[in-house]
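**Student:** sequence and predicted structure are below.
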Amino acid sequence: MLIISVKKFITFINNLMINNIDILTTTFNSESTIKKFLNQLIKAIKNCKIKKYQITIVDDGSNDKTLTEIIKFKKENKKIPLKIIILAKNFGHHKAIKLGLNYCNKNYVFLIDSDLQENPNELKKLIKIQRKGSYDLVYGKNINNKNIFSNLFYKIISKAFFLNLEDNLMTIRLMNKRYYSCLKSLKSENFVLNATIDKIGLSRKIISLKKNKTIRKSSYTLFKKISLALDCITNLGDKFFSYSIFIASFIVVSFLIYGAYIFYQAITLNIKISGYPTITLLIILFGILNLIFAILNLILSSRVKNNSENNSIFISKIIY
């Protein structure tokens, strides 16, 4: 009986905490979908019976009428707590999210894309799972992604650079204060949301969701995807460096053994060996070593540069 009462009390406290929530989204050139998204979001909030909430929209340098549509919505719905953060230029989706988190201070953050590829009504499912397991993070995985190149990208990056990147992850997620505070504390300028999951750890639950790509095409151009891949690579862990040094050491030892073998044949057995194979192998050896250490130095330099420079995200205006 006592155990049941304790469980009920914990559930009650958890429900109170979820009723105090920040909703964070970013937008870029979304004039055709932003109003529909906000209407669906408000409906989802009401369906979940959330009493205390704050909606924060980070406009990532839109150059269409997105801001006009958001401000118009704000004027038409004065009772809805809506904060608009306008960035001075397009800094990128992940950096805009990182900045938006600095304006969140409630018990939970519900993060979602505003392009309607992710359904705001999924908030109810995320809350239900959170109430059952009391996870620090509940996040979605796209189960209807059939893009071979996208899946291949994650596998190659993960295997080649020893990163624990999960494929087909979506932006949509529910985070408690402990989790999103950890996100805030990350100092790397090359912030990639999905690369932080394994880095932070804590308790988490992944769920299968569907992404609707028929409403609007993704704003991720080829250049942005390449830039995101480089950001992932510059978030490398120590395992990559350890393996690189091990491989380089193995190559050096192998060539030393080969050199000793040639020297043994030439001196002890009096066997004349042509110099061309040795010279060729030595050129390959030093070429490989130079390449490995050049990559290591580039990555290390990138880390130092990003942590020492003041790469601020400039805000043009904040509308409360």
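**Tutor:** Nice, thanks for sending it over.

**Student:** going forward, measure contacts between C-alpha atoms and count neighbours the same way
**Tutor:** Fine.

**Student:** could you pull out the strands in the protein for me?
**Tutor:** 20-27, 52-59, 82-87, 108-111, 137-142, 169-176, 204-209, 315-319 (DSSP state E).

**Student:** which residues are contacting the fifth one?
**Tutor:** This means strand 137-142. 126, 129-130, 167-176, 179, 202-211 (CA atoms under 8 Å, 6 or more residues apart in numbering).

**Student:** repeat that with 10 Å
**Tutor:** With contact meaning CA atoms under 10 Å, 6 or more residues apart in numbering, strand 137-142 is reached by 108-111, 118, 122, 125-127, 129-130, 166-180, 197, 201-212.

**Student:** partners of it, with directions?
**Tutor:** strand 169-176 (antiparallel), strand 204-209 (parallel) (DSSP bridges).

**Student:** quick one: mean pLDDT over it.
**Tutor:** Mean pLDDT, computed over strand 137-142, is 89.

**Student:** show me where the stretch 151-300 of the chain dips below the pLDDT cut-off.
**Tutor:** Along the stretch 151-300 of the chain, segments meeting pLDDT under 70 span 151-166, 188-190, 213-246, 248, 266, 269-281, 296-300.

**Student:** let's see 50
**Tutor:** Applying pLDDT under 50 to the stretch 151-300 of the chain flags no residue at all.

**Student:** near residue 60, how many other residues are there?
**Tutor:** 23 (other CA atoms under 10 Å).

**Student:** among the strands of the chain, which is nearest residue 249?
**Tutor:** Closest approach to residue 249 among the strands of the chain is made by strand 169-176 (36.4 Å; CA to CA).

**Student:** ok so, going back, filter the contacts of strand 137-142 to the buried ones?
**Tutor:** Taking 16 or more other CA atoms under 10 Å as the criterion, what is buried in the contacts of strand 137-142 is 108-111, 118, 122, 126-127, 129-130, 167-177, 179-180, 197, 204-205, 209-212.

**Student:** mind listing what residue 99 touches?
**Tutor:** 58, 85, 87, 184, 312-315.

**Student:** which of these are buried?
**Tutor:** Here, 16+ other CA under 10 Å leaves 58, 85, 87, 313, 315 buried among these.

**Student:** tell me what the third one is bridged to.
**Tutor:** Going back to what we said before, that points to residue 87. On the basis of DSSP bridges, residue 87 is bridged to residue 315.

**Student:** gap between it and residue 62?
**Tutor:** From residue 87 across to residue 62, the span is 9 Å (CA to CA, to the nearest Å).

**Student:** ditto for the second one
**Tutor:** Noted for residue 85: a distance of 12 Å to residue 62, by CA to CA.

**Student:** with the last one instead?
**Tutor:** Separation of residue 315 from residue 62 (CA to CA) stands at 13 Å.

**Student:** so what sits against both of these two?
**Tutor:** Residues touching both residue 315 and residue 62 (CA under 10 Å, 6+ apart) are 86-89.

**Student:** brilliant, that's me finished.
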